[in-house]
Every structure is written in structure tokens, then in C-alpha cells.
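Novice: would you be able to build a 3D model of this:
(2 chains)
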Amino acid sequence: MLIKQAPDIPSSQITPENLYWNRRSFIRAASGAALGIAGTATFGGTAGDLLAAPQSDLTDLRQSQFSTADAPNSYDEITSYNNFYEFGLQKEDPKRYAEELSIEPWSVRVEGHMNKPAANYTLEDILAPHPLEERIYRLRCVEAWSMIVPWVGFPLGDLLKRFEPTSRAKFVKFETLVRPEEFRGQRARNLQYPYVEGLRMDEAMNPLAILAVGLYGKTLLNQNGAPIRLVVPWKYGFKSIKSIVKIEFVEEEPRNTWNIAIPNEYGFYANVNPEVDHPRWSQASERRIGEFFRQRTQMFNGYGYQVASMYDGMDLAERY
Amino acid sequence: MRSAKTLVFCLCLVPALVLVWDSVTGGLSVNPIEDITHRTGDWSLRLLLVTLAVTPFRWLTGWNEVVRYRRMLGLFTFWYASLHFSTYIVFDHFFDLRSITDDVVERKYVTAGFLGFVLMLPLAVTSTQGWIRRLGRRWSMLHRLVYVAAVAGVIHFLWLVKLETSEPLIYAAVLLGLFLVRVVRRMLRRSAGHRVSSGQTPATP
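Specialist: As a prediction, this is how the structure comes out:
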């Protein structure tokens, strides 16, 4: 059969091999989830785990200079101890009820002050041009516990640039999925939903800020914010919004959900800061999961070298 | 009866035994210190409410002997509170007196918890027959501190939760109920012209 010659494709549009395989593995994971088929390669899980949480390997990951050399917490720790109130208020609820959420199909709407037209994007479209890297980051919860998490993702700034935000785009606002029939915590209305978070534009463009799609080289489990979530490691964990369905360029500082819930306790910036206490507890120390004794909390969670300059001249006790 | 007291003793031990079992079999979460702290605190509060329910239960059922269990329940309350406090001293602060003092002074939920614990100390010490005799009528007055300790305990819990206030509010409601029963009974007795009687067991505070 005669195969017609395809029109010339500019080399810039030819998918580099590593991306090609990344995307294939991602689609396989996503469709595997839809068909309930177990993914390839286990991670020491049981057969039950495989069937319950179809995942796929994310291969050919770049390493990052921003990764910490410290040993990450175990996969079990990271996937079984979560604050994800959409699933319930207990730490074990997200893992327990993870199966109630279906993440296929998934779309992310991008809109707001940008030159590109507002549209809904599939995960494929979102991920297409971005090589995935492993980022081993510290995660510090506002409750004063912490973990080290080997995320797989890519810089948020690289995604945002594609949409050409205008000068009126001062902040980026994110929203989580609202689906009360699958998120039992949304039926209980423990917080105001959709969960909203935001970053100032310079924070969003900071190379540390990533969108994560995987963990330990595998696609995210639901309890960790599948299929795509934000990770801003120099801020308290509640800023790292999970299961993102909307990204919006806005002019006004968005009211994030925890600030709406308890305004005198949770602010917009939420930078990890041992010198600014929560009104009811100290932020000077934290419990690293896996350790018995507490450790000192570091300014900006130890990422000051990369982020401190964004806050020069800002009163961090006021803009908490 | 002896065996009934033994039974109550064993029942009071069960939460601690379950905790030990869970600790060694991996039944705790990946933050075991948090779990131990939470569970010992929980049981301290629950046993405190049970202890405070003894006297209303006696009024309701007319079963006077139930008062015999009150001391054991109170001491177990104190025991769980001691375990809770020890976990905090060791694992949150590793005996660092300065950082503990800092917490007690600065963090209001720690202030409340510390107050509740400290108030229970004289109650535990004077729980013996010897002290009941020695203090006479003043024993009842001293042991009214249990009400303050109970309120401090509930407030401690309420002030430390991030958002999940339903649990501490339930304890608050139960405590309020146990107070109301006492208040209402006193009002009813006053209006009926009765005098408070004194018997073999110490007068109900």
C-alpha cells in the first residue's frame, strides 16, 4: 500500500524520544486506570495494591540540581499519611478512600489574563513539551511535621510561559476538582470547595515551583493529588494544591481556602518560617516522619538561597 | 465485689494494652508519636468523663456502691494523663526544660493541658483513705479541682486541633451535661429544703 508522504514537520515539533516515551507511559497509565488494568512494574506492592492503584513507570527522568541529597521518606509513608480533606479529615482517609475518585478523563482549564485563548487541556496537552525530572523536595506541613518526597514533574513556569500571560497577570490561581460524589469530604463540607490556592507571579515562575505528576518514578496515587498537583517546597504544604483542574491568571491576590477557613491562622504567602509562629503552636521545630525526635525548622524550608530575594523588604510576620 | 473491681481495673488497662500492641505490630501510623500522644490524651479525657459520671449514675440508679470505683477510674485518668504528658516531655522536647517552659507559657493549648495535669497531681496524691481521713471535709473541697482539670482538658483539646473540632466539642458537650446534672440537682434539693447528708464515703464534690 502506498504510504503518502507526510508534509514536512519542523524539527521543533518532532517529539524528542524521551518525551515520546514519557507521554506513552503516561497515557498507558491513564488508560490503564480507566480500564482498571494494573500497570507495569510493581513497587514492592502486593497484587491487591497493583489492581487497586494502576500506575506506570515514568522513565528517562532528568535529575535536578534542586533535589536534596537527604534520603526520601518511604513510598508507604508518603502514600499513607496525607492531609487531603476532600477525602476526609483523618490522615488515613485519603488512602482509604482513594479508590472512590476516578481521574480519567481529566482536563485542566487554563484561562485569565493571557494572550492564548482560554481552553480546556487534556493531561497529554499539558505535559507534551515538558521533559519530566525527579525533584527530591522537603515538604513541611503547617501542622509541624515534614517529609522528603521524590516528586516527578516539571517547572510550573515552563507551562505558564506557553500561555503568554499579560502584564495584568499578577497572580496565578489554582483550583482542585469538585466532585462530591467521589470526594466524600466535599459532601461533609469540611472546607469551602473548590479548594483554591495561588502564587504571586514571581513565585510561580521560580524554578523551584513544579507541577508534579509522579512520585518515586511512578504516576501519582489519588491520595497524593493525582493526576497533577503543585509543589512549592518553600511554603507550607497546604499551598501545594492537589488534583488541579483550573489554572487562571488573575490580577488580584486570590483568597486561598485555608485563609478563608481561618484567616488569622493561615495566610496567602505561608512561607515556612520558624520565626513566625502559628497563633496556637510554634513553627520553630518539626517532626520529620520516620524520626523520633523533632528537628529545627529552617527558614523557607531550607530553600532560602533560591527564594528569599522574592521577599526582600516584606514583613513576613504580617504577610504570613 | 473484689472480682468486679478487678474487671474494671482490667478494662481500664485495655486502651494502653491496645496501644502497646499496635506499636509493636505496626498498627500505628507513620507518625507513631502523634498517635501515642493522641490516644493517651483521648483516654485520659474519656476516663475523666467516666469518673465524673459516677456520681450522677449513683443518683440515677440509687446504686451507692458504684462510688467505690470512682477512685480507680480517677487514678487511671491520671495515669493516662501522665503517659500523655511524658510522651510530650520526651519526644517533643527531650527533657529540654527551657523549651518546655516556652511552650507552656506561649502556646495556650499547652498551658491548658499543663494546667489540667498539674491540677490532677494533688488529687492523685490525696486519693488514699489516709488522706481522706486527714483532710475530712476539706477533701471534698480540694477534689472540686477535678472540674477545673476537666474544663482545662477539653479546652486543651479544642485549642490544638486544626479544623476537626467535632471530637473536642463532643467531649465539651458531655462535660457540660455532667455539670448540668449537678447544678440542676443542687437547685432542686435547695428548693425542696433538703440538707446535704454526709456518710461513710466522702461527700460528693
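
Novice: next structured bit after the lowest-mean-pLDDT helix or strand in chain B?
Specialist: Scoring the helices and strands of chain B by mean pLDDT, DSSP states H and E places helix B:97-106 at the bottom, with a mean of 89. Downstream of helix B:97-106, the first helix or strand assigned by DSSP states H and E is helix B:108-125.

Novice: next one: that following helix, is it in contact with chain A?
Specialist: Yes: contact of helix B:108-125 with chain A (Cβ under 8 Å from any Cβ of the partner chain) involves B:108-109. For every residue, glycine as well, the C-beta is placed using N, CA and C.

Novice: contacts for the least confident helix or strand of chain B next, please.
Specialist: For helix B:97-106, contacts defined as Cβ atoms under 8 Å, 6 or more residues apart in numbering or on different chains pick out A:277, A:282, B:89, B:92-93, B:110-111, B:114.

Novice: what do you get if the cut-off is 6 Å, keeping everything else the same?
Specialist: Residues outside helix B:97-106 that contact it (Cβ atoms under 6 Å, 6 or more residues apart in numbering or on different chains) are B:93, B:110-111, B:114.

Novice: let me know the secondary structure of the residue most central in space within chain B.
Specialist: The residue lying closest to the centre of chain B (Cα atoms, centre = their mean) is B:Leu48, at 2.8 Å. The three-state label given to B:Leu48 by DSSP: H, G, I helix; E, B strand; the rest coil is helix.

Novice: what about it, distance to A:Leu199?
Specialist: The gap separating B:Leu48 from A:Leu199 is 46 Å, by Cβ to Cβ, to the nearest Å.

Novice: part of a helix, is B:Val183?
Specialist: Yes: using three-state DSSP, the assignment for B:Val183 is a helix.

Novice: pLDDT score assigned to it?
Specialist: We have a pLDDT of 95 for B:Val183.

Novice: just B:Ser197 next, same as before
Specialist: pLDDT for B:Ser197: 55.

Novice: before we move on, back to that, give me the angle between the least confident helix or strand of chain B and helix B:108-125.
Specialist: 100 degrees (axes from the mean of the first three to the mean of the last three Cα atoms, to 10 degrees).

Novice: for helix B:97-106, buried residues please.
Specialist: B:99-100, B:103-104 (16 or more other Cβ atoms under 10 Å in any protein chain shown).

Novice: doesn't A:Val231 make contact with A:Ile210?
Specialist: Yes: look at A:Ile210 against A:Val231 with Cβ atoms under 6 Å: they come within range, at 5.1 Å.

Novice: got the residues of chain A near chain B?
Specialist: Contacts of chain A with chain B, taken as Cβ under 6 Å from any Cβ of the partner chain, map to A:77, A:81, A:89, A:280-281, A:289, A:293.

Novice: what about the helices in chain B?
Specialist: Here chain B has its helices, by DSSP state H, at B:2-24, B:32-61, B:70-87, B:97-106, B:108-125, B:129-135, B:137-142, B:145-160, B:166-191.

Novice: near chain A at all, the second one?
Specialist: Right, the one you point to is helix B:32-61. No: judged by Cβ under 6 Å from any Cβ, helix B:32-61 makes no contact with chain A; its nearest approach is 6.7 Å.

Novice: and that helix, what's buried?
Specialist: Under the neighbour-count rule (16+ other Cβ under 10 Å), helix B:32-61 has B:32-45, B:47-58 buried.

Novice: re the thing from before, more neighbours: A:Ile210 and A:Val231, which one.
Specialist: Counted by other Cβ atoms under 10 Å in any protein chain shown, A:Ile210 and A:Val231 do not tie: A:Ile210 has more neighbours, with 29 against 23.

Novice: okay, and the beta partners of the more buried one?
Specialist: A:Pro155, A:Val231 (DSSP bridges).

Novice: which ones are touching it?
Specialist: Here A:Ile210 is in contact with A:135, A:153, A:155-156, A:231 (criterion: Cβ under 6 Å, 6+ apart).

Novice: ok, back up a step: grab the nearest non-local neighbour of the residue nearest to the centre of chain B.
Specialist: Closest residue to B:Leu48 apart from its sequence neighbours, by Cβ to Cβ, 6 or more residues apart in numbering or on different chains: B:Thr77 at 4.6 Å.

Novice: just to revisit the earlier point, gap between the residue nearest to the centre of chain B and B:Leu13?
Specialist: 17 Å.

Novice: ok, now B:Pro32?
Specialist: 20 Å.

Novice: please apply the same query to A:Lys218.
Specialist: 44 Å.

Novice: looking at the two, which is more packed in?
Specialist: Shown here are A:Lys218 and B:Leu13; by other Cβ under 10 Å, A:Lys218 has more neighbours (21 against 12).

Novice: where does the closest residue to the more buried one other than its chain neighbours land in three-state SS?
Specialist: Leaving aside its chain neighbours, A:Lys218 sits nearest to A:Gln55 (4.4 Å; criterion: Cβ to Cβ, 6+ apart). Following three-state DSSP, we place A:Gln55 in the coil state.

Novice: distance check, A:Gln55 against chain B.
Specialist: For A:Gln55, the distance to chain B equals 20 Å [Cβ to the nearest Cβ, to the nearest Å].

Novice: that residue touches A:Leu220, doesn't it?
Specialist: No: the pair A:Gln55 / A:Leu220 is not scored as a contact, 8.2 Å apart, by Cβ under 6 Å.

Novice: tell me which helix or strand in chain A has the weakest average pLDDT.
Specialist: Taking mean pLDDT, DSSP H and E as the measure, the helices and strands of chain A show their lowest mean at helix A:47-52, namely a mean of 34.

Novice: flag every buried residue along the next helix or strand after that one.
Specialist: With elements assigned by DSSP H and E, the helix or strand that comes after helix A:47-52 is helix A:75-80. For helix A:75-80, the neighbour count (16+ other Cβ under 10 Å) marks A:75, A:77-80 as buried.
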